[in-house]
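Engineer: Structure here, sequence nowhere to be found:
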């Protein structure tokens, strides 16, 4: 396993930031690590990176115990924290050389050139970090994380504060990096997770509440039901729809619009078409409503 966490707990005084969590990540996986603010994501990532110690439990990266040998673990990982720590008065190459010296890289110049090219910093390489846009500052942070050519990348909110164009650029960069690295990625942007991640771990109030592929989580939460949004041309009595035996639930959604729920095996589109005929009205709009990762996230993290 690239990452293995067993019964990990972190206390700040009497407060549990993470509460007896366990999960493992195989080599080559790209895993989204999701949760509301204060759920324990950053704490978990800091423990994995050797920045803070856990209270109990174990964390391993590439088979190395983080608490027992943090320096060896740091040689195996690249870490981009949520608040990307940069020196604004340094030039990009100067900053990367500074980090290369910390890693004691023998081939520092070659590695610096490699990460500059990899992260698309070539055109900006002669600038001071303080002159860069937020998107390019994030690229510098990722370049720093790649300097030692790590096997595992831990990225905490890598697109936080970026505009849509910058988000797309960083997303493409991460997708390219995923070809030969294990990536644990924390973000609040659900589209990024669905686009890039093979698996999702959702944490809430310090506990793991879901760990599976996006599609499997959606299927599990749908409870074997389907939903269709339908809008009629004329006013419809919701009570009349509820009388249909094949329908489980109807919720009004806008003028003459409804979200209708039925079991998966029901041909709901045909049922609603016949209902429109019987009600002497016309269907103005109809579409299947699919469970989104955002709605799944809300269900799992609200009032848990």
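Structural biologist: Good, I have the coordinates. As the structure is a prediction and not an experimental result, all values here were calculated from the model.
Engineer: Residue 182 contacts residue 27, correct?
Structural biologist: Yes. With contact taken as CB atoms under 8 Å, residue 182 and residue 27 are classed as touching, separated by 5.5 Å. Heads up, the C-betas are built off the backbone N, CA and C, glycines and all.
Engineer: which residues are in contact with both of those two?
Structural biologist: With contacts taken as CB atoms under 8 Å, 6 or more residues apart in numbering, the residues that reach both residue 182 and residue 27 are 2, 151.
Engineer: So for those two, which sits in the more crowded spot?
Structural biologist: Summary of the neighbour comparison: residue 182 and residue 27, criterion other CB atoms under 10 Å, with residue 182 having more neighbours (24 against 13).
Engineer: and that one, what does it touch?
Structural biologist: Contacts were defined as CB under 8 Å, 6+ apart; by that measure residue 182 touches 2-3, 25-30, 151-153.
Engineer: Now render those residues as JSON lines, adding secondary structure.
Structural biologist: Putting the contacts of residue 182 into JSON lines (DSSP: H, G, I helix; E, B strand; the rest coil) gives the following:
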{"residue": "2", "secondary structure": "coil"}
{"residue": "3", "secondary structure": "strand"}
{"residue": "25", "secondary structure": "strand"}
{"residue": "26", "secondary structure": "coil"}
{"residue": "27", "secondary structure": "coil"}
{"residue": "28", "secondary structure": "coil"}
{"residue": "29", "secondary structure": "coil"}
{"residue": "30", "secondary structure": "strand"}
{"residue": "151", "secondary structure": "coil"}
{"residue": "152", "secondary structure": "strand"}
{"residue": "153", "secondary structure": "strand"}
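Engineer: Mind checking which of those are buried?
Structural biologist: Buried residues within the contacts of residue 182, defined by neighbour count using 16 or more other CB atoms under 10 Å: 2-3, 25, 29-30, 151-153.
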